[in-house]
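K.L.:
this one's structure only:
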């Protein structure tokens with residue numbers, strides 16, 4: 001099979017290449033899937049470049065030779081004991097907890113890493129959904145939040161770094177849940193597209209025009225996709241019962257968020273002052289996303305036309321390194337998707 005392989009850390013366009021690899025037969029509990037489409041995530045960039053958190057696990061060379069997690073395709077073989085899927089089934093899913101391997105014509109992974117792809121959901125859209133839409137869904141509060149009339153009704157949501165996959169899905173899901181959405185994206189050329197997705201306010205930065213200052217708005221949810229805001233700034237933007245959820249960012253920012261979250265937890269604990277610290281009911285934390293759990297509900301919305309994937313591409317398999325470089329530079333609106341013939 002053809003696959004994009006990663007032999008050392010560095011810029012994706014320099015350290016990744018197209019190669020021929022042997023097919024692997026699925027073991028017990030596994031399925032083999034012919035990949036029709038695979039999307040790119042910032043996590044792929046981190047794995048290729050050897051970001052700090054990645055090097056904690058594999059300090060000198062990549063642990064995985066073939067990366068890529070969000071795939072859509074068709075089951076072509078099943079291992080012993082598999083009853084969840086059959087040969088010929090259309091499936092999609094996220095493989096980050098199941099060995100990766102998506103940047104290839106064929107992938108073998110645990111059967112439970114794949115979800116049935118419903119009729120009406122094409123491969124390109126299905127490949128764009130798993131990681132990004134799940135993160136947006138979970139960060140906003142899940143099914144009870146994004147349903148019309150749910151817990152987001154009348155709330156104010158701020159999405160920072162809104163022009164990528166998570167952000168474009170978060171705008172749509174928050175609006176579906178009845179929220180007022182402010183979308184912040186430093187790449188100004190993306191702002192019109194974010195308004196078209198339903199954002200009530202779009203801006204290139206977090207300034208007075210999105211609610212900072214003497215007459216600032218208080219947001220019920222701050223969703224920082226890229227780790228742009230220091231935790232203290234996120235807290236200033238929150239209503240007294242608001243919460244800030246971080247999805248990405250540098251290792252330094254992630255550490256700051258973890259410390260801030262622990263401090264907020266102590267303020268909210270049983271020893272908090274009875275008088276009520278103004279920050280005591282605010283929360284801040286790093287999203288710990290659960291792969292694949294919410295895909296049936298997400299897929300149903302997409303199949304019904306109620307959730308749209310903004311697709312950059314499709315691009316051929318051999319373009320994975322160059323497209324990861326574009327993603328790294330911020331040149332991708334929505335999700336970059338690879339289509340395999």
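P.N.:
Noted; the coordinates are in hand. Please read all numbers here as calculations on a predicted model, not as lab measurements.
K.L.:
Show the contacting residues for the closest residue to residue 49 other than its chain neighbours.
P.N.:
Distances taken as Cβ to Cβ, 6 or more residues apart in numbering put residue 9 closest to residue 49, at 6.1 Å, once the chain neighbours are dropped. C-beta coordinates here come from the backbone N, C-alpha and C atoms, glycine included. Taking Cβ atoms under 8 Å, 6 or more residues apart in numbering, we find residue 9 in contact with 15, 48-50, 55, 61-62.
K.L.:
Narrow those residues to just the buried residues.
P.N.:
In the contacts of residue 9, burial by neighbour count holds for 15, 48-50, 55, 62, counting by 16 or more other Cβ atoms under 10 Å.
K.L.:
Export the residues you listed to CSV and append columns for pLDDT.
P.N.:
Shown next, in CSV, are these (pLDDT from 0 to 100):
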residue, pLDDT
15, 98
48, 98
49, 97
50, 96
55, 94
62, 96
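K.L.:
what's the closest of those residues to residue 304?
P.N.:
residue 48 (35.2 Å; Cβ to Cβ).
K.L.:
what's the pLDDT at residue 53?
P.N.:
pLDDT, residue 53: 89.
K.L.:
now it: how far from residue 285?
P.N.:
17 Å (Cβ to Cβ, to the nearest Å).
K.L.:
More neighbours: which of those two?
P.N.:
residue 285 (17 against 12; other Cβ atoms under 10 Å).
K.L.:
where's that one, which helix or strand?
P.N.:
strand 283-286 (DSSP states H and E).
K.L.:
again with residue 321
P.N.:
Using DSSP H and E, residue 321 sits within helix 320-329.
K.L.:
Quick check: buried residues in that helix?
P.N.:
320-321, 323-328.
K.L.:
Save the contacts of residue 9 as JSON lines, and put in secondary structure and distance to residue 194 too.
P.N.:
Formatted as JSON lines, the contacts of residue 9 follow (DSSP: H, G, I helix; E, B strand; the rest coil; distance: Cβ to Cβ, whole Å):
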{"residue": "15", "secondary structure": "helix", "distance to residue 194": "32"}
{"residue": "48", "secondary structure": "helix", "distance to residue 194": "27"}
{"residue": "49", "secondary structure": "helix", "distance to residue 194": "27"}
{"residue": "50", "secondary structure": "coil", "distance to residue 194": "31"}
{"residue": "55", "secondary structure": "helix", "distance to residue 194": "34"}
{"residue": "61", "secondary structure": "coil", "distance to residue 194": "39"}
{"residue": "62", "secondary structure": "coil", "distance to residue 194": "34"}
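K.L.:
Determine which two of those residues are furthest apart.
P.N.:
Taking Cβ to Cβ, no two of those sit farther apart than 15 and 55, at 14.2 Å.
K.L.:
which outside residues touch the helix holding residue 321?
P.N.:
Against helix 320-329 from outside (Cβ under 8 Å, 6+ apart): 4, 11-17, 40, 42, 44-45, 48-49, 68, 103, 312-313, 315, 332, 336, 338.
K.L.:
Repeat that for stretch 244-251.
P.N.:
42, 51-53, 135, 139, 161, 166, 221-229, 231, 234-235, 237-238, 253-254, 257, 282-287, 289.
K.L.:
what do you get for stretch 16-23?
P.N.:
1-7, 32, 48, 66, 104, 106, 317-318, 320-321, 324.
K.L.:
Just those residues: which are in strands?
P.N.:
Using DSSP state E, the subset of the contacts of stretch 16-23 located in strands is 2-6, 32, 106.
K.L.:
and of these, the nearest to residue 262?
P.N.:
residue 6 (34.5 Å).
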